[in-house]
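# Here is my input, please return the structure:
(3 chains)
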Amino acid sequence: MPELPEVQSVVNHFKPYLLNQFIHSIDYLNNYEKVFETHSSNDLNKHVANQKISKVWRRGKYIVIDVSNGHLCIHLRMTGQLQVGCNKTDNTNHFTALINLKNKSKIYFKDYRKFGRIYFFKDLSILNYRLGPEPFDPNFNLTYVFEFFKGKNKDIKSFLLDQKFVSGIGNIYASEILFLSKINPCKKVSVLSKKECQKIILNSKKILLKAIAKGGSSIRDFKDTSGSKGGFQNEFKVYQQEGKKCKNLGCFDLIKKKIIGNRSTFFCDSCQK
DNA sequence: AAGAGGCCCTGATAGC
DNA sequence: TGCTATCAGGGCCTCT
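Modelled structure (predicted):
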């Protein structure tokens, strides 16, 4: 579900609940121990029980909760949500995990598709191995991009989704970034000019920053549990706009949808070359 | 090594 | 109305 801006907004929202608090325990719910992926429930609790939370931050699409002896990392995948406490209207069958804090507050992990995972890492080497630079990192620059594309022959859209290339971009923002850059999502990276690469780098930062400022996008499942919804879905230029008129001034073409890299991709054939 | 495709899951919606 | 097919914002794994 959520991409970088949505994960950032979840982190911002939960930081006050978590920071400087002590973890009492973490339970898996509805028999779904798989949610812990790398650890058995016992092992995980050995690592995190009684630990103080010293930092809450984001790396790619992971929510990272630092404790003294390691990092609790939460990935929401497609439909994961965090929420403080349990509402009357909740379908508890969708709960996969529960973080109990010593101050008695309960943070629920709600995830009807059950793709979301909670990991514990002693250090961040695994995460750094899996993930490329953050889009805002100065290392995400022309030299890096050109070096990365060397010997590769896939379309640019697939690379924007590749977390080893750059971390945090997902299917919505990939389409939006390429539209703003006027680059066709099918274009092979081997034929991209330096100027085009530069545009992609700059527009990635631009789109993501704007989305963060709007609190992310609220579509389908994604809602900030505080009730404050993101507003970037109103800014979509191409995502889910199939058949609608291109939003570029003077262009009268219609937005097309095409499956690229196994995912729906939206673009304007006339504006994106 | 790089790229294509399957798979994990459930629910909403479209089409018949 | 009710069934079935398709699709959904992710990422890992396997095979070629």
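# Could you use CA atoms for every contact and neighbour count after this?
Noted.
# How many residues are close by the residue of the stretch 1-150 of chain A found nearest DNA strand B?
The nearest approach of the stretch 1-150 of chain A to DNA strand B comes at residue A:113, 4.0 Å away (Cα to the nearest atom of the strand). Residues near residue A:113, counting by other Cα atoms under 10 Å, number 12.
# I'd assumed residue A:78 was in contact with it.
Yes. Judged on Cα atoms under 8 Å, residue A:113 makes contact with residue A:78 at a distance of 7.5 Å.
# how about the helices in the stretch 101-250 of chain A?
Using DSSP state H, counting those that start in this stretch, the helices of the stretch 101-250 of chain A run over residues A:125-130, A:142-149, A:156-161, A:171-181, A:194-213.
# Out of the ones you listed, the one nearest residue A:245 is which?
For residue A:245, the closest of the helices of the stretch 101-250 of chain A is helix A:171-181, at 13.4 Å, according to Cα to Cα.
# does DNA strand B sit close to that closest one?
No. Shown here: helix A:171-181 not in contact with DNA strand B (Cα under 7 Å from any atom of the strand), separated by at least 13.9 Å.
# ditto for stretch A:147-154
Yes. Contact of stretch A:147-154 with DNA strand B (Cα under 7 Å from any atom of the strand) involves A:151, A:152, A:153, A:154.
# tell me the contacts of the closest residue to the first one other than its chain neighbours?
Going back to what we said before, that points to residue A:151. Distances taken as Cα to Cα, 6 or more residues apart in numbering place residue A:190 nearest to residue A:151, at 7.7 Å, with adjacent residues excluded. Going by Cα atoms under 8 Å, 6 or more residues apart in numbering, residue A:190 touches A:149, A:150, A:151, A:152, A:153, A:154.
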